[in-house]
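A.B. asks: model the following, please.
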Amino acid sequence: MDATVLTSPLEYNAEKQGYKILVSMREMAKLARIPITGTVVTQKKIDREPDEIVRILRALRSAMLLIQEQPEYGVGIFEKILRLDRVSAKEYYALFREQYNTELSLPDAVVEDLLAVGTFRSKEKAKVNVQSVRDWSFAEKAKR
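C.D. replies: Next up, the predicted model:
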C-alpha cells in the first residue's frame, strides 16, 4: 500500500516502523473543528429518563477532569486500555488531553460544521437551524 489514513495511536506505531506521517493527528486537530467523539440519545430516552442522561454526562465529565488533572493516571489509562508502550502513551496523552471537552458543549460554529458534514450529500438542502438541533440543558445540569 502506498498510503492510508490512521488515527492515533496507530500513527505512532507506523512511524516507529519507518512510515512517513504526512499529516499528524496533532496537525489535523488544529485544522478540523469537528469533535472526535460525542454522546447521542434518542428522544424516547430523553423523555423517559432525563436524570440518567445527566448522571452519565456527570460521570463522563468527572473522568475527563481526572485524566486532565492527573497526567500519570491518564498516561497509565492509555497504556493499559490501548496497550501502548510508555513513550507512545505519553505522546497519545499529550495529543488528546486538551481535546477532552469538560464544558460538555460546543460553539454554534462547530455545530454548523457538523450539520454541513451530515447533510452535504443530501439532494434537498434543508436549512436546519442550529438552535433546533442542540440542547445544552443536560450539560448545564451535569456541571452543577
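
A.B. asks: the worst-scoring helix or strand of the chain on mean pLDDT: which residues count as buried?
C.D. replies: Lowest on mean pLDDT, DSSP states H and E among the helices and strands of the chain sits helix 25-31, with a mean of 72. Within helix 25-31, the residues that count as buried by 16 or more other Cβ atoms under 10 Å are residue 25. Backbone N, C-alpha and C define where each C-beta goes, glycine included.

A.B. asks: which strands and helices lie in contact with that helix?
C.D. replies: Helices and strands in packing contact with helix 25-31 are listed as helix 86-96; criterion 3 or more Cβ pairs under 8 Å, 6 or more residues apart in numbering; DSSP states H and E.

A.B. asks: got the buried residues for the helix or strand just after the helix it packs on?
C.D. replies: Once the chain leaves helix 86-96, the next helix or strand it forms, by DSSP states H and E, is helix 108-119. Within helix 108-119, the residues that qualify as buried are 110, 111, 113, 114, 115, counting by 16+ other Cβ under 10 Å.

A.B. asks: what's the average pLDDT for helix 108-119?
C.D. replies: The average pLDDT within helix 108-119 is 79.

A.B. asks: helices or strands up against that helix?
C.D. replies: Applying 3+ Cβ pairs under 8 Å, 6+ apart, we find helix 108-119 packed against helix 130-133.

A.B. asks: distance from the helix it packs on to the middle of the chain?
C.D. replies: Between the centre of helix 130-133 and the centre of its chain there are 20 Å (Cα atoms, centre = their mean, to the nearest Å).

A.B. asks: which residues are contacting the helix or strand following it?
C.D. replies: Towards the C-terminus, the helix or strand next in line after helix 130-133, according to DSSP H and E, is helix 137-143. If you take Cβ atoms under 8 Å, 6 or more residues apart in numbering as the criterion, helix 137-143 is touched by 50, 53, 54, 55, 57, 58, 61, 103, 104, 105.
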